[in-house]
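Chemist: quick check, what structure comes out for this input:
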Amino acid sequence: MRERLRQARIERGMTQAEAARCLGMTERGYRHLEYGTRNPSHETVQRVNEVFGLSYEDLMYNVPTKNRRRRGDAIA
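Modeler: Residues are numbered from 1 along each chain as shown. Reported below is the predicted structural model:
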């Protein structure tokens with residue numbers, strides 16, 4: 001999760017403090033997420049999705065949404 005979150009923040013030109021503010025959390029709390037020392041709550045994952053457009057799978061498994069297989073897709 002941490003690398004994907006960091007990458008999304010940097011792509012948007014945001015500091016950790018700005019990202020934290022957008023997510024409604026403290027900068028310290030945000031750093032814990034980005035450094036991987038804490039796991040996000042369900043509500044935090046929802047806010048990350050709203051702010052950065054990253055789904056749970058994007059965050060936890062580093063699988064871009066556009067490349068993720070959908071149920072029923074054939075395996076090549």
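
Chemist: what segments of this structure are helices?
Modeler: Remark: helices assigned in the chain by DSSP state H are 2-11, 16-23, 27-35, 42-52, 56-61.

Chemist: the third one: which residues count as buried?
Modeler: Neighbour counts using 16 or more other C-beta atoms under 10 Å place 30-34 of helix 27-35 among the buried residues. For glycine as for every other residue, the C-beta is placed from the backbone atoms N, C-alpha and C.

Chemist: if we take the residues you listed, which one ends up nearest to residue 42?
Modeler: When these are compared for distance to residue 42 (C-beta to C-beta), residue 33 wins out at 13.4 Å.

Chemist: show me what contacts the closest one?
Modeler: Listed by C-beta atoms under 8 Å, 6 or more residues apart in numbering, the contact set of residue 33 reads 1-2, 5, 40, 44.

Chemist: what is the neighbour count of the closest residue to residue 59 other than its chain neighbours?
Modeler: Leaving aside its chain neighbours, residue 59 sits nearest to residue 1 (4.6 Å; criterion: C-beta to C-beta, 6 or more residues apart in numbering). Neighbour count for residue 1, taken as other C-beta atoms under 10 Å: 19.

Chemist: so residue 1 is in contact with residue 57, correct?
Modeler: No: Residue 1 lies out of contact with residue 57 (C-beta atoms under 8 Å); the separation is 10.7 Å.

Chemist: for this protein, give me the ranges with low pLDDT.
Modeler: Low-confidence segments of the chain (pLDDT under 70): 62-76.

Chemist: on that earlier part again, who wins for most neighbours among the contacts of residue 33?
Modeler: Within the contacts of residue 33, residue 5 tops the neighbour count with 22 neighbours, counted by other C-beta under 10 Å.

Chemist: contact partners for the nearest residue to that one once chain neighbours are set aside?
Modeler: Spatial nearest neighbour of residue 5, chain neighbours left out: residue 34 (5.3 Å); criterion: C-beta to C-beta, 6+ apart. Taking C-beta under 8 Å, 6+ apart, we find residue 34 in contact with 2, 5-6, 9, 16.

Chemist: including distance to residue 22, could these go into CSV?
Modeler: Converted to CSV, the contacts of residue 34 look like this (distance: C-beta to C-beta, whole Å):
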residue, distance to residue 22
2, 17
5, 12
6, 15
9, 9
16, 11
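
Chemist: sweet, I'm off.
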